[in-house]
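> Curious how this folds, go ahead:
(chains A and B)
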Number of protein chains: 2
Amino acid sequence: MEIQKELEKGMQKPFKRIISANIGDAHAMGQLPITFFRQVLSCVLNPAQIKSADFPHDVKARACELLAGCGGAAGSYTPGTGMECVRRHVADFIARRDGYSADWQDICLTQGASAGIKHCLQMFCTTLGAKDSGVMIPVPQYPLYPAALAEYGLGQVDYYLNEDKNWSVERTELERAYVEGSKTHDVRALVVINPGNPTGQVLSEENMKGIVEFAQKYGLFVLADEVNQENVYAEGSKFTSFKKIIMDMGPPYNETELASFMSISKGYMGECGLRGGWMELVNMDPDVQANLYKAISAMRCPNTIGQCIIDMVARPPHPSEPSYDQWMQEKSGVLNSLEERSKMVVDTFNKMVGFTCNGVQGAMFAFPRIDLPLKAVVAARADKQSPDVFYAFKLLEETGICIVPGSRFGQLPGTHHFRTSILPQTELLREMLDYMELFHGKFTLQFS
Amino acid sequence: MEIQKELEKGMQKPFKRIISANIGDAHAMGQLPITFFRQVLSCVLNPAQIKSADFPHDVKARACELLAGCGGAAGSYTPGTGMECVRRHVADFIARRDGYSADWQDICLTQGASAGIKHCLQMFCTTLGAKDSGVMIPVPQYPLYPAALAEYGLGQVDYYLNEDKNWSVERTELERAYVEGSKTHDVRALVVINPGNPTGQVLSEENMKGIVEFAQKYGLFVLADEVNQENVYAEGSKFTSFKKIIMDMGPPYNETELASFMSISKGYMGECGLRGGWMELVNMDPDVQANLYKAISAMRCPNTIGQCIIDMVARPPHPSEPSYDQWMQEKSGVLNSLEERSKMVVDTFNKMVGFTCNGVQGAMFAFPRIDLPLKAVVAARADKQSPDVFYAFKLLEETGICIVPGSRFGQLPGTHHFRTSILPQTELLREMLDYMELFHGKFTLQFS
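Have a look, this model is predicted:
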């Protein structure tokens, strides 16, 4: 942000603009919003427009339904768990997705997925025995998890993803981490991020079954971060929800306690700023669930606009409706372009000397491993920086490209990575990758 | 909600509809949104409309400014503390309000006031000495406070408002509560709600100065819940911010650590469902503030639509602009009607036998005291209910009027109250008060 302000003031830099590849913010990187969504929202907020002739009739009808769902006024509080009609549509969406029914009362709308994840983690604050509660989280992981665990005084029990097997979750590693973590903590829950952030893998069903067996063996509550479920690109990769896996597996696995999280910030929507999400609670003790809902309701309700988008994600225009074609075209446009960009990034990285990058099967990030020259590592230490942070700052200062060092997500000691989003639009992404190649060549030369 | 569903199913009840006087939800009770706000929002969400000729030019200009403030896209994340342009406008608003400058970097936009309040309370979780931290809160109080204190494991130190002096905050009572609370807790902060919720008082400047002296004496951080600052009705009453008071008082009082909270859910806006608020941090240690902002940013950002409304609250249309007249008319309409309704409620209650009700000087609730007949108290105990809960349920079941028993907010032991909003529109409010009078007469007779 400081560099951005300097650029605006006309200060000379070796680049003309900052490329913010550090966050998963699609609209900030030029992705356009879905027309149907925004037309409906504009009617919901300004119902006088519903009478005007400018919008297709399905837009107006949906706006009326959503207004009815919040008692006629988008400015009213909804229940803390969200509007009933939206929760019902989410349950229908999940039932269609998984082939197993979902109870709308187990769906809770949230202010983005983060809010739901934090509420669920907070349930484990209660100490049951002599040890404090611990939660297993992957390494590398989305930084919300360690931050929330620290905030709640919960133990962080790391399990490492296997980079050599495309960031898979190995049963032996889970067992190791559990045994290790249990020495100091009462391990009670397991976080799985699928599709992976920052790692971009899409777990195979076999891998997921192993995770469920493990969770069942130790009675762990599974938090399934499935916010990127619509973002799957690689041939042969397919998103399967943990809900479907446990149901497919039958008893006793279908009794696994599970919370699954979804967000309007990802997918083809990318509506980060409007803050919306949902969670489905599966097999949760009814008393616990009632108390969780009570705690959530103390904060009033998620914003109604985010709830309205959730409704449209769960129940997009029907093929018979006038907005369908444009919606489908826009959705495919976004997802196809992301697929193309995911390949472009990975192909470029794997051509670069010193880079190794697993395929981006899903989500919206690549997490390449970089072998940094020994001199660079020494120079970083002299600067009191970890080598990946050193690399990231040099990249930023010389090219204006902003990425996140791997140490922010955790990585196997001695390895170095960074996370870049695949969100800059194709042309800008090409430019960014060209700059990166140039920079990396110079950097390698400088420190060889 | 169960009764509402039964009514919808056609079940016979002694009333036709539920009157939800239990929550401060203006739009749900028929208050219309401010046209300017909603027109701007509709353009922000659907920028194609900005080109259309349907809106006044100031609406379009504001939408463009707000879009520029979020990098051109309302679907992007903003900084965790909110858009810089909005924070600057809030600082200007505060400077105009108080006559003392405000630094925009001390303004943090939040997802409703509750989010800001919780973030600030959480700062006191760290135990400094042998005792756990404690926070002084008024009785009666808005239920968020005890809920948040319990959630964070902070000690609740009650101080009683003086009902006989129009719910004033007495210095002697503050001292008593501090001494009492200090036996078990390290008392570090003081919450003041002004205008009062549920109690409706507007504190005098003299009273506020006494509070500041007290806070200064014991080094307490003051959390000033000033969400109802635009809602002041009584003749002779005037809202003054704690910021202005400490600045007026000069050294050492102008060094009091203070956080003030504001919300778009109150005032003339009543935009509860859209979730927006701000807090101003005054005299906070810069390192603490930096860490607070960091913790807040872990949850990404408050929703952009709420932020846009904050901008318009802080910077309403200028008298020279085309939307000014309608904005002013709508604002005055809401506030004048609330003033009328505040008097109507209080006058009615004070005519009822067994009711005593302080004037509603501000905010949007009345909190009458009811002398319940001994037989009613006995009947309540037999039902294992507190007498005010017993009364509230009877009222709901016989009239469909939903209020909140005083015990939900805390009250002097042995006294009974309830909170009703003054938000039903005038005609409905008249109807509600008539039903209440009838009910109370019958109730008194039945239990005499």
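> Who are the contact partners of residue A:375?
Contact analysis of residue A:375 by Cβ atoms under 8 Å, 6 or more residues apart in numbering or on different chains lists A:447-448. All C-beta atoms are positioned from the backbone trio N, CA, C, and that covers glycine.
> List the buried residues of whatever helix or strand it lives in.
Here residue A:375, judged by DSSP states H and E, is contained in helix A:374-382. Judged by neighbour count (16 or more other Cβ atoms under 10 Å in any protein chain shown), helix A:374-382 contains these buried residues: A:376-377, A:379-380.
> just the residues you listed now: which is nearest chain B?
Checking those against chain B with Cβ to the nearest Cβ, the nearest one is residue A:380 at 23.6 Å.
> out of the buried residues of helix A:374-382, who's near chain B?
Among the buried residues of helix A:374-382, no residue sits close to chain B (Cβ under 8 Å from any Cβ of the partner chain).
> Show me which of those is closest to residue A:67.
Nearest to residue A:67 among those is residue A:380, at 56.2 Å by Cβ to Cβ.
> now that closest one: how far from residue A:386?
If you measure residue A:380 against residue A:386 using Cβ to Cβ, to the nearest Å, the figure is 7 Å.
> residue contacts, residue A:56?
Applying Cβ under 8 Å, 6+ apart to residue A:56 gives the contacts A:39, A:321-323.
> Turn the buried residues of helix A:374-382 into TSV, including pLDDT.
Output for the buried residues of helix A:374-382, formatted as TSV (pLDDT from 0 to 100):
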residue	pLDDT
A:376	96
A:377	96
A:379	96
A:380	96
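> Show me which pair in the residues you listed is furthest apart.
Farthest pair in the buried residues of helix A:374-382 (Cβ to Cβ) is A:377 and A:379. Separation: 7.4 Å.
> Among the contacts of residue A:56, which one sits closest to chain B?
Using Cβ to the nearest Cβ, residue A:39 is the member of those that sits closest to chain B, with 6.0 Å.
> Correct me if wrong: that closest one contacts residue A:55.
Yes. When contacts are counted by Cβ atoms under 8 Å, residue A:39 is listed as touching residue A:55 (5.1 Å).
> ok, those two, which is more surrounded?
residue A:39 (27 against 22; other Cβ atoms under 10 Å in any protein chain shown).
> Can you tell me the closest non-neighbouring residue to that one?
Residue nearest to residue A:39 in three dimensions, not counting chain neighbours: residue A:59, with 4.5 Å by Cβ to Cβ, 6 or more residues apart in numbering or on different chains.
> mind checking how far that neighbour is from chain B?
Note on residue A:59: its distance to chain B, by Cβ to the nearest Cβ, to the nearest Å, is 10 Å.
> give me every residue that touches that residue.
Counting by Cβ under 8 Å, 6+ apart, residue A:59 has contacts A:36, A:39-40, A:43, A:323.
> what do you get for residue A:426?
Residues near residue A:426 by Cβ under 8 Å, 6+ apart: A:337, A:340-341, A:344.
> hmm, back to that, so which strand or helix has the residue nearest to residue A:39?
Assigned by DSSP H and E, residue A:59 belongs to helix A:57-69.
> Tell me the helix or strand right after that helix.
Next in line after helix A:57-69, if elements are assigned by DSSP H and E, sits helix A:84-98.
> Would you mind putting the CA coordinates of that next one into PDB?
What follows is helix A:84-98, C-alpha atoms only, in PDB (Å, rounded to 0.1, in the frame of the first residue of the first chain):
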ATOM      1  CA  GLU A  84     -35.500 -19.500   6.000                       C
ATOM      2  CA  CYS A  85     -36.100 -19.400   2.300                       C
ATOM      3  CA  VAL A  86     -32.400 -19.100   1.500                       C
ATOM      4  CA  ARG A  87     -31.500 -21.900   3.900                       C
ATOM      5  CA  ARG A  88     -34.000 -24.100   2.200                       C
ATOM      6  CA  HIS A  89     -32.500 -23.300  -1.200                       C
ATOM      7  CA  VAL A  90     -29.100 -24.100   0.100                       C
ATOM      8  CA  ALA A  91     -30.300 -27.500   1.400                       C
ATOM      9  CA  ASP A  92     -31.800 -28.200  -2.000                       C
ATOM     10  CA  PHE A  93     -28.500 -27.300  -3.700                       C
ATOM     11  CA  ILE A  94     -26.600 -29.600  -1.400                       C
ATOM     12  CA  ALA A  95     -29.100 -32.400  -2.000                       C
ATOM     13  CA  ARG A  96     -28.600 -32.000  -5.700                       C
ATOM     14  CA  ARG A  97     -24.900 -31.800  -5.400                       C
ATOM     15  CA  ASP A  98     -24.400 -34.900  -3.200                       C
END
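> Check which helices and strands it sits against.
In terms of contacts (3 or more Cβ pairs under 8 Å, 6 or more residues apart in numbering or on different chains; DSSP states H and E), helix A:84-98 is packed against helix A:57-69, strand A:107-110, helix A:242-249, strand A:277-282, helix A:304-314.
> if you set the cut-off to 7 Å instead, what comes out?
Packed against helix A:84-98 by the contact rule (3 or more Cβ pairs under 7 Å, 6 or more residues apart in numbering or on different chains; DSSP states H and E) you find strand A:107-110, helix A:242-249, helix A:304-314.
> Go through the ones you listed and name the closest to chain B.
Each of the helices and strands packed on helix A:84-98 has some distance to chain B by Cβ to the nearest Cβ; the shortest is helix A:304-314, at 3.9 Å.
> which among the contacts of residue A:426 gets closest to chain B?
Distances from chain B to these, taken by Cβ to the nearest Cβ, are shortest for residue A:337, at 16.4 Å.
> So which residues of chain A form strands?
A:19-20, A:107-110, A:132-139, A:155-160, A:185-193, A:221-225, A:258-263, A:277-282, A:355-356, A:365-366, A:369-370, A:401-402, A:404-405, A:418-421 (DSSP state E).
> May I see the buried residues of stretch A:433-448?
Quick answer for stretch A:433-448 (16+ other Cβ under 10 Å): A:433, A:435-437, A:439-440, A:443-444, A:447.
> same deal with stretch A:395-404?
Residues of stretch A:395-404 classed as buried by neighbour count (16+ other Cβ under 10 Å): A:395-396, A:398-404.
> Then stretch A:54-63?
Neighbour counts over stretch A:54-63 (16+ other Cβ under 10 Å) mark A:55-56, A:58-60, A:62-63 as buried.
> and what of stretch A:166-173?
Neighbour counts over stretch A:166-173 (16+ other Cβ under 10 Å) mark A:166-170, A:173 as buried.
> among these, which are in reach of chain B?
When Cβ under 7 Å from any Cβ of the partner chain is taken as the criterion, no member of the buried residues of stretch A:166-173 contacts chain B.
> ok so, going back, Throw the strands of chain A into JSON lines and include mean pLDDT and distance to residue A:118, thanks.
JSON lines is the format used below for the strands of chain A (pLDDT from 0 to 100; distance: least, Cβ to Cβ, whole Å):
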{"stretch": "strand A:19-20", "mean pLDDT": "94", "distance to residue A:118": "25"}
{"stretch": "strand A:107-110", "mean pLDDT": "98", "distance to residue A:118": "9"}
{"stretch": "strand A:132-139", "mean pLDDT": "97", "distance to residue A:118": "12"}
{"stretch": "strand A:155-160", "mean pLDDT": "98", "distance to residue A:118": "15"}
{"stretch": "strand A:185-193", "mean pLDDT": "98", "distance to residue A:118": "12"}
{"stretch": "strand A:221-225", "mean pLDDT": "98", "distance to residue A:118": "11"}
{"stretch": "strand A:258-263", "mean pLDDT": "98", "distance to residue A:118": "10"}
{"stretch": "strand A:277-282", "mean pLDDT": "98", "distance to residue A:118": "11"}
{"stretch": "strand A:355-356", "mean pLDDT": "96", "distance to residue A:118": "34"}
{"stretch": "strand A:365-366", "mean pLDDT": "98", "distance to residue A:118": "21"}
{"stretch": "strand A:369-370", "mean pLDDT": "98", "distance to residue A:118": "30"}
{"stretch": "strand A:401-402", "mean pLDDT": "97", "distance to residue A:118": "26"}
{"stretch": "strand A:404-405", "mean pLDDT": "97", "distance to residue A:118": "21"}
{"stretch": "strand A:418-421", "mean pLDDT": "98", "distance to residue A:118": "22"}
